[in-house]
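S.K.: Sequence and predicted structure are below.
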4 protein chains.
Amino acid sequence: MPDRYAYLGPEGTFTEAALLTLPGAAEAERMPYATVPAALDAVRSGFASRAVVALENSVEGSVPTTLDELATGEQLQIVTEIHLAVEFALLVRPGTALADIKTVASHPHAQPQCRRWLAAHVPDAEWRAATSNAEAAQHVADGLYDAALAGSFAAARYGLTALASKIHDVDGAVTRFVELSLPCAPPRRTGRDRTTVVAYIRDDHAGALLQILQEFFVRGINLTLIQSRPTGAGLGSYLFWIDFEGHVEDARVGEALMGLRRVCAEVRFVGSYPAADGVRPVARRGTADEDFAAASDWLSGIRGQS
Amino acid sequence: MPDRYAYLGPEGTFTEAALLTLPGAAEAERMPYATVPAALDAVRSGFASRAVVALENSVEGSVPTTLDELATGEQLQIVTEIHLAVEFALLVRPGTALADIKTVASHPHAQPQCRRWLAAHVPDAEWRAATSNAEAAQHVADGLYDAALAGSFAAARYGLTALASKIHDVDGAVTRFVELSLPCAPPRRTGRDRTTVVAYIRDDHAGALLQILQEFFVRGINLTLIQSRPTGAGLGSYLFWIDFEGHVEDARVGEALMGLRRVCAEVRFVGSYPAADGVRPVARRGTADEDFAAASDWLSGIRGQS
Amino acid sequence: MPDRYAYLGPEGTFTEAALLTLPGAAEAERMPYATVPAALDAVRSGFASRAVVALENSVEGSVPTTLDELATGEQLQIVTEIHLAVEFALLVRPGTALADIKTVASHPHAQPQCRRWLAAHVPDAEWRAATSNAEAAQHVADGLYDAALAGSFAAARYGLTALASKIHDVDGAVTRFVELSLPCAPPRRTGRDRTTVVAYIRDDHAGALLQILQEFFVRGINLTLIQSRPTGAGLGSYLFWIDFEGHVEDARVGEALMGLRRVCAEVRFVGSYPAADGVRPVARRGTADEDFAAASDWLSGIRGQS
Amino acid sequence: MPDRYAYLGPEGTFTEAALLTLPGAAEAERMPYATVPAALDAVRSGFASRAVVALENSVEGSVPTTLDELATGEQLQIVTEIHLAVEFALLVRPGTALADIKTVASHPHAQPQCRRWLAAHVPDAEWRAATSNAEAAQHVADGLYDAALAGSFAAARYGLTALASKIHDVDGAVTRFVELSLPCAPPRRTGRDRTTVVAYIRDDHAGALLQILQEFFVRGINLTLIQSRPTGAGLGSYLFWIDFEGHVEDARVGEALMGLRRVCAEVRFVGSYPAADGVRPVARRGTADEDFAAASDWLSGIRGQS
C-alpha cells in the first residue's frame, strides 16, 4: 500500500475526494500539489508512491494537461481508474445571501457546468478564474470573492456554508480520475479491464487514423476514447490518446498493440487497469484467448511439418 | 464589410491581433467580450456582424469552449480561418527585475507554453490563473501580480514593459482563429479550402468512428483534425468535430456529407472557408468534380433507358 | 412478348426447361443453338428477341462462357433470372440394364454432380464428354454410348427411358438461368431485385478489390456473388463479375455504381431484374431512398444559401 | 525425387509438357489419368508420389474441378507452381487440307482460345467436345473427326501433322499448373513465394469477404487470386480460394492466417511454394519479419514487468 499520495490540490478538491475512495488512502499521507505536472513529478522523483489526477470529465471532456503529461512527459503508468459523480454547491461565507453575490469563483472547468443555474439565480454575478475550486473557496474565505463553485465537502474545511447544492446543470456528470505509478507490472486482468496507449502517427498522411482503427477493428476491440492532441511540432501534427476495452494480457490486445507498434512511429503503453464502470466487453466471435491459442496451434501444425 | 466585430477580450489579446489581420478590421468597431460564449452571443443577437475566437493551438490543442459552443450552441458558421504565430513576452511594471517576481499570471493555456522558461528564470514564482493574458496584464498594472505572460503588443496598452520576449518553449507555435457569422452562403471555393462539420454518432457502438472515416476515405478526402468531445450525456457519449480538405461545393465533399448525414444521428455544417495554410489538396484519382459528373452521366444513361 | 427465343440446345436440355417457365414461352418460337455464344449472337443480330442461358450452378459454380460473353462480348442485358432445381436421371435405350452400361455420356458439368451415384452403381463405366446432356441423349439413341445423364423430361424426346432418376449426389442443387435482351430499360423495381455489373480494375494493385467492396459496404449493399475472371491480358489481370441486392433505380445502388465507375477502369452494367429467390433485402439504416432524399435536401439547404 | 508422377492425360497434353519441366521428371515414371480426381487419387492412395494438374489459365480462368478437389477433397498440398505458355496448333491427318475440315475437336477450354482463328479459316467446321486435346488428337487419328486443337508436340505421338500453328487468338496465354503431394513440409521460403488457402465463411453474411480481405490488408499482404466457389450447399453458399504473396513462415503471413482461422468457419492450407513468376513482393513498411520480432519484444517488455 502506497504510503504517500500526491494529488492536485489544494485540500477539498474533487481530486482529493477521488483519492479518498482508494483503499488505505484515508490512512496514508496525502500531499496536495498546485499543478498536475507537479503532482506527477512527485511520483517521478520517488517522493510519492502514487499520484491521483483528473483525466476526463463527462461535461468538459479530457483534461489536456494530464493527457499531455502522460503522453509526452517522463513515463508513468495508470494503475487504477476512479469515476466520481460531480455535484457542485455554491459555497459562501456564513450570512451571505444570493442577492449579495457579485463575484463567483471556480476552476474554469466548473463554471460551464453550472452556467444555467448561475444565469437563473445570480445573473449579474461575474465569474472569476481560480486554479482550483478549493482555491476559489479559499479566496471566498479570504473575502476576495463572494461565492465559490465547489464540492459541498469543501465547505467545512474553509469555514464556508453551502448556500445551494446540486447546482450543476446536467445530472449524471462524472469525472474520471486515474491513479498513477512509476512503470510497473499492470494489475492482474479481471475480464473487465481498460487499456490506454498513445500512438504517434508516422507522417501526416491521410489514412493514418483509419489504419490505426483497423488494427483494433480487425481484432474485435472496442475503443472507449480517442483524442487527438498536438505533438507541439505544428498545427496538423497529432498524437492519438486511445482507451479501449481489454487488458494487455489478452491475446487480441497483445496482437493489436504489436500491429499498432508496426504501423505507428511510436506507441506508448500507459496502462491496463480495471474499468471503473465494470462492464464486461462482449468480444466478437473468434477473438477470445482460446481462439488465439487454437489458431496458433493450427499454424504451428502447418509450419511444424517442416 | 462587417461594421462591428466581437472578440474574446480584453484589448491586447492574441485574439485581437488575429482580428486585426482581417481586411477592414482596423477601421471597424471592435468589441471585446469576457468569454467566448458572450462574444458568440453578440453575433447571434445581431449586435455584432462577426466574431473572432481561438479554435486550436499547436501546443495546447483545441479550445474546448469554442468547439462546444460551435458544436452545440445556437448555430454559427466559420467564414474565415486565421493562423497567428504565438510569441510570448514577460510583461512587468517598469522597474521590476526578475528577482522581484513572486507571481506570474496568465490564461491557463499560456502557462504550459512557457513552462521551461519560467522554471529556468523565475523558478520560485507562483503561477496565477487569469481569464485572459490581457486580464493578467491588467492585474499586473493594478499591482495584484508581478508579471504577466502575454503578447508584447499588449505592453503599451497596459503601461507595462517586456522584461523578456520570445519566452515560449517551442518555436513555431501557431494559434488557429476563426471568424464567425450567422449561417450564410459559404465563401466561394478557391481550390484550397477546408470544411468543418460536427457529427453526432447514433449510438455508442464500436465501429461508429470507423464508419465515419470510411465515408471520407471512400471519396478520397483528407481529414486535418478530428476531435471527440463529450455530448454531456455521460462518459463515453461523444460527438466528433471534423475538419477536412475541400469545399461543400466540391462533388466529393457533397457526397461524403450526405453519407455522413445518413449514418450519423445528426450532422452540423460549421463552414467551408479558404485554408489558412493554403495547400492545394492532392485529390485521389476519380474524385474530381469532372469524375463525378462523368459517373453521373453514365448512370443517367443506364437509368434513362427506362 | 418476345416472338422468338434463342437458347442453348439441343431440345431437351435444362435450359429449355428453364425457358419454358417464362410466361408465353410455350407459345413462342424456340430456337436451340449449339453454343452459348451462338445463342447470344442470335439476339445481338436481332434474329431472336431474347436468349436463355445458364449462368451459375449451385454445385459446379458459374458458367465461364456465359460470364465471359456477357462481360466482354457485345453488350447484352439480363432482364429475368430463373432458378431451376436440377434433378438428373440415367437415360438408356429401352431394354438396357445397369450391367450393360460401359459408357455414360453427359455435359462435363453433369458428371461431377452424379459422381457418387455412378461410382456406386456403374463403377466400371467410362464417362464421355458431350456438348450438352441432350446431345448425350442423342448419342445414346444413336447407339454411340450406353447411357446419358440428363433431365427425365428429355427421355421421351429421344426415345429413351429413365433407368434411374434423382441420381444426383447433392439434393437441392439449383441452376440459375438468365433471360437476355439487347440493352434496354431495366424491368421496374419490385423491392426484391438483383443487379449485375462487371468491374475492370484499373491496375493490378493490392487494394483494388478492397476498394470495390468498400464502395458497396459504405452504402449498405449486400453482394450475392463475386467472381474474378481473367481479362485475357495475362495471369493476374482480372475483371470482377458482381451480383448484388437492389435495383439501379435505388438511390444507394446508383451512388455505389457511380463510385465504382470512378475507381474502376471500366464498369459494365449487365442488368437489374427481380431476384428469383425473392428475398426482400434488409437495408441498413440510413440507406433507403428516403434517407438519400433527406440528405440531398439537407445538402442543398447548405449549398443553396449561396 | 518422386519416382512416379500422375498427371491429367492422355500423353501429349499440355499437362504432360508442364510435368516434363520438373527436374528429374523425364526419367521418372509418368502415369496419365483420365480425370483430375483420378490423378489426385493416385497420390492420395500412395500409388504415385506427385501429381501435376492445371489450376488456372490466363484466358479461360481457373479450372473448377482442380479447385474443388483441392478445396473439398481429401487434403493434398501444392509444392511447385509451373507456368507454361499455351500455343495451339491445328493437327490433322497427313494430307488433310483446310477445305476438308468439317469437324474440329478439343477440350472445351481450348475452343474459345482459338475462336477467332477458327471463324476466319474454317468458318463452317463444327466443334466437338473431347475430354482432352490429346483425346481429340486420338479421335482425329482414328478418323472420327477431321482436326484437333492441341500442342504441336502432340502431333508426332498420334501420327498427325500441324496444318497451322500458333492459332490461338491471344498471345501470351499462360496456363498455371501445380505439382501436388500428400500434406508435407512446405518447400523452404525463397523470398518470392506464393501461398494458397481455402476459406469457408461462417455464415452467408454481407461483410464476410470484406472481413477476410481486411485480415490480409492490415498485414500488408497482396492477393494474387481470389475465387469464390460454391460449397454445394445451395446458391449463395461459397468458399473462397485465395492465392497471396508470401510464405507461411513469414511472420505477416502467419498472423494473417491465424486471423483468417479465427474469423472463418474453416481454413484449409493448400501450400506455400516458390512463385513461378518470381517477383519479389514489395512489403509495406512495418510488415517484415524484423518488424514483427521488434513489436513482439516490445510487447514482452510491457507484459514481462508483471
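M.R.: Received the coordinates, thanks. Residues are numbered from 1 along each chain as shown, chains lettered A, B, ... in the order given.
S.K.: quick check, the helix or strand bottoming out on mean pLDDT in chain A touching chain B?
M.R.: Least confident element among the helices and strands of chain A, by mean pLDDT, DSSP states H and E: strand A:61-62 (a mean of 74). Yes - among the residues of strand A:61-62, A:G61 lie within reach of chain B under C-beta under 8 Å from any C-beta of the partner chain. For every residue, glycine as well, the C-beta is placed using N, CA and C.
S.K.: Sheet partners, orientation included, of that strand?
M.R.: strand A:50-57 (antiparallel) (DSSP bridges).
S.K.: which intervals of the stretch 201-306 of chain A have sub-threshold pLDDT?
M.R.: A:203-206, A:232-236, A:305-306 (pLDDT under 70).
S.K.: Run through the residues of it sitting next to chain D.
M.R.: A:202, A:214-215, A:217-219, A:248-249, A:254-255, A:257-259, A:261-263, A:267, A:269, A:285-287, A:291-292, A:294-296, A:298-299, A:302-303, A:305-306.
S.K.: In ChimeraX, select just the buried ones from those.
M.R.: Of these, the buried ones can be selected in ChimeraX as follows, counting by 16 or more other C-beta atoms under 10 Å in any protein chain shown:
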select /A:214,215,217,218,219,248,249,254,255,257,258,259,261,262,263,267,269,286,287,291,292,295,298,299,302,303
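S.K.: Mind checking which of the residues of the stretch 201-306 of chain A next to chain D are in strands?
M.R.: Counting by DSSP state E, those place A:267, A:269 in strands.
S.K.: Quick one: neighbours of the residue in the stretch 101-250 of chain A that chain D sits nearest to, just the number.
M.R.: Chain D sits closest to A:A185 of the stretch 101-250 of chain A, with a gap of 4.2 Å, by C-beta to the nearest C-beta. By the measure other C-beta atoms under 10 Å in any protein chain shown, the count of residues near A:A185 is 14.
S.K.: Can you show me the strands along the stretch 101-250 of chain A?
M.R.: Along the stretch 101-250 of chain A, the stretches classed as strands by DSSP state E, counting those that start in this stretch are A:103-106, A:126-129, A:147-150, A:161-165, A:174-181, A:193-200, A:223-230, A:238-245.
S.K.: Mean neighbour count, these: which tops it?
M.R.: For those, the largest average neighbour count (mean count of other C-beta atoms under 10 Å in any protein chain shown) is found in strand A:147-150, namely a mean of 30.
S.K.: Strand partners (parallel or antiparallel) of that strand?
M.R.: strand A:89-92 (antiparallel), strand A:103-106 (parallel).
S.K.: how about JSON lines for those strands, with mean pLDDT added?
M.R.: Shown next, in JSON lines, are these (pLDDT from 0 to 100):
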{"stretch": "strand A:89-92", "mean pLDDT": "96"}
{"stretch": "strand A:103-106", "mean pLDDT": "94"}
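S.K.: out of these, which comes closest to D:F244?
M.R.: Closest to D:F244 of those is strand A:103-106 (C-beta to C-beta; 59.8 Å).
S.K.: And A:H107, how far from A:E16?
M.R.: Distance, A:H107 to A:E16, by C-beta to C-beta, to the nearest Å: 14 Å.
S.K.: What of A:A208?
M.R.: Distance from A:A208 to A:E16, by C-beta to C-beta: 40 Å.
S.K.: the more surrounded of these two?
M.R.: More crowded of A:A208 and A:E16, by other C-beta under 10 Å: A:E16, with 23 against 20.
S.K.: Name the SS class of that one, please.
M.R.: Secondary structure, DSSP: H, G, I helix; E, B strand; the rest coil: A:E16 is helix.
S.K.: Touching, it and A:L22? I think so.
M.R.: No - counting by C-beta atoms under 8 Å, A:E16 does not reach A:L22; the two are 11.1 Å apart.
S.K.: got the contact list for the residue nearest the centre of chain A?
M.R.: Central residue of chain A (C-alpha atoms, centre = their mean): A:L55, 1.9 Å from the mean position. Applying C-beta atoms under 8 Å, 6 or more residues apart in numbering or on different chains to A:L55 gives the contacts A:62-63, A:66-67, A:176-178.
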